[in-house]
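Engineer: Below is the sequence, then the predicted model.
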Amino acid sequence: MPTEFYGTTVVVIVLVVFVLAVIIANIKIVPQAHSFVVERLGAFHASWGTGLHVKIPFLDRIAKKVSLKEQVIDFPPQPVITKDNVTMQIDTVVYFQITDPKLYAYGVENPISAIENLTATTLRNIIGEMELDHTLTSRDVINSKIRVVLDEATDAWGIKVNRVELKNIVPPAEIQESMEKQMKAERERRAKILDAEGEKRSAILIAEGQKESAVLRAEAIKETKIREAQGEAEAILSVQRAVADAIKLMNEANPSEGVIAIKSLEAFEKAADGKATKIIIPSNIQSLAGLATSVKELMSDSPEGKA
């Protein structure tokens, strides 16, 4: 009896442990930005989102674990031919995101390979309609066209193409050499233009400096002449004022006719001593001479009277 009880207890414990192990093994936690595609009896059952889930043992199976984060695929260079028959190597980078885990799991066998092949064919079609120069300068246009085509085609696979970038565009070696020569010539042309602009600017500055210097010299000469003229005007004004003051004083002194006559003779004497070749003698010169004789006699009589 104890042996049977012991054996039964062991079996129960084993069964409990087995059940617990099965339950624990079927408890699944889906991380953030992930989704699990679950099949039941071989058919699609559900898409589990973030959180805790329990699947039925032996009936449910996790068919695919899908990341919902944006993913990046860098495809190797692809040979493409332009409209003007130039073969180039172009590699692309595709940014995509899975939006429907069910379609991603059952839509196409190998989604990444499908995107790569679709990108290559779309790129060849677009580049085949463009010439080399247009291809090298139209990256944004090419990126947009490829993205539109890929996004439309991958909707059935539960994929959204966010961006497509042309990573490198490598033309043939001879074309690269020709482009480098052209770029070198363009740089030299720009350098010459810059040198010419610099010389032109320098000449303009020198001319402006000379112009300003000439203007300043002219202003200085003008100022000097103005000051000289002002000085002469002030001198003449001072002389005129002195003459006016003298006349005023003479008028205030009320001189006799004899004094005025004597002053006239003195002025006549100074005129006679000058270098003038012609002298105009006043009509009353005799009366002036008689007056001068009278003054002389008076001056000679005065000392004798005093003696």
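Structural biologist: In hand now; what should we look at?

Engineer: now the strands for the protein?
Structural biologist: Secondary structure of the chain, counting by DSSP state E: strands at 27-30, 34-40, 43-48, 51-54, 60-67, 71-74, 78-81, 87-98, 159-170.

Engineer: to the chain's geometric centre, what's the distance from the second one?
Structural biologist: Read it as strand 34-40. A distance of 55 Å separates the centroid of the chain from that of strand 34-40, by CA atoms, centre = their mean, to the nearest Å.

Engineer: ok and that strand relative to strand 60-67, angle-wise?
Structural biologist: Per axes from the mean of the first three to the mean of the last three CA atoms, to 10 degrees, the angle that strand 34-40 makes with strand 60-67 is 160 degrees.

Engineer: and the strands of the chain as CSV, adding distance to residue 199 and mean neighbour count?
Structural biologist: Any C-beta I mention is one placed from the backbone N, CA and C, and that applies to glycine too. CSV is the format used below for those (distance: least, CB to CB, whole Å; neighbours: other CB atoms under 10 Å):
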stretch, distance to residue 199, mean neighbour count
strand 27-30, 73, 14
strand 34-40, 68, 18
strand 43-48, 74, 15
strand 51-54, 75, 12
strand 60-67, 63, 16
strand 71-74, 50, 12
strand 78-81, 47, 15
strand 87-98, 42, 18
strand 159-170, 39, 17
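
Engineer: What ranges does the protein have for its helices?
Structural biologist: 2-25, 101-106, 111-127, 132-136, 139-154, 173-253, 257-272, 285-306 (DSSP state H).

Engineer: between those, which gets nearest to residue 166?
Structural biologist: helix 139-154 (5.3 Å; CB to CB).

Engineer: Any idea which of the strands of the chain gets closest to residue 129?
Structural biologist: The nearest among these, by CB to CB, is strand 78-81 at 11.0 Å.

Engineer: contacts for the closest one?
Structural biologist: By CB atoms under 8 Å, 6 or more residues apart in numbering, the residues outside strand 78-81 that reach it are 87, 88, 89, 90, 91, 92, 120, 123, 124, 127, 128.

Engineer: looking at the helices of the chain, which is buried most?
Structural biologist: Of all the helices of the chain, helix 101-106 carries the top mean neighbour count, a mean of 19, counting by mean count of other CB atoms under 10 Å.

Engineer: And that one, what does it pack against?
Structural biologist: Applying 3 or more CB pairs under 8 Å, 6 or more residues apart in numbering; DSSP states H and E, one finds that helix 101-106 contacts strand 34-40, strand 43-48, strand 60-67.

Engineer: Dump the helices of the chain into CSV; add mean pLDDT as well.
Structural biologist: Below are the helices of the chain laid out as CSV (pLDDT from 0 to 100):
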stretch, mean pLDDT
helix 2-25, 79
helix 101-106, 93
helix 111-127, 92
helix 132-136, 86
helix 139-154, 92
helix 173-253, 81
helix 257-272, 57
helix 285-306, 49
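
Engineer: With distance to residue 83 added, can I get the ones you listed in CSV?
Structural biologist: Compiled in CSV, the helices of the chain are given as follows (distance: least, CB to CB, whole Å):
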stretch, distance to residue 83
helix 2-25, 61
helix 101-106, 36
helix 111-127, 8
helix 132-136, 8
helix 139-154, 13
helix 173-253, 15
helix 257-272, 113
helix 285-306, 123
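
Engineer: right, so of these, which gets closest to residue 74?
Structural biologist: Residue 74 lies closest, by CB to CB, to one member of these: helix 111-127, at 10.3 Å.

Engineer: and the angle for that closest one with strand 159-170?
Structural biologist: Angle, helix 111-127 to strand 159-170, by the same axes, to 10 degrees: 50 degrees.

Engineer: Mind giving me the packing neighbours of helix 111-127?
Structural biologist: strand 71-74, strand 78-81, strand 87-98, helix 139-154, strand 159-170.

Engineer: okay if I get those as JSON lines plus distance to residue 205?
Structural biologist: Conversion of the helices and strands packed on helix 111-127 to JSON lines gives the following (distance: least, CB to CB, whole Å):
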{"stretch": "strand 71-74", "distance to residue 205": "55"}
{"stretch": "strand 78-81", "distance to residue 205": "54"}
{"stretch": "strand 87-98", "distance to residue 205": "49"}
{"stretch": "helix 139-154", "distance to residue 205": "43"}
{"stretch": "strand 159-170", "distance to residue 205": "45"}
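
Engineer: Ok, which of these comes nearest residue 16?
Structural biologist: Evaluated with CB to CB, the helices and strands packed on helix 111-127 place strand 87-98 nearest to residue 16, the distance being 40.6 Å.

Engineer: For residue 79, give its distance to residue 128.
Structural biologist: Per CB to CB, to the nearest Å, residue 79 is found 12 Å from residue 128.

Engineer: Also residue 97?
Structural biologist: From residue 97 across to residue 128, the span is 29 Å (CB to CB).
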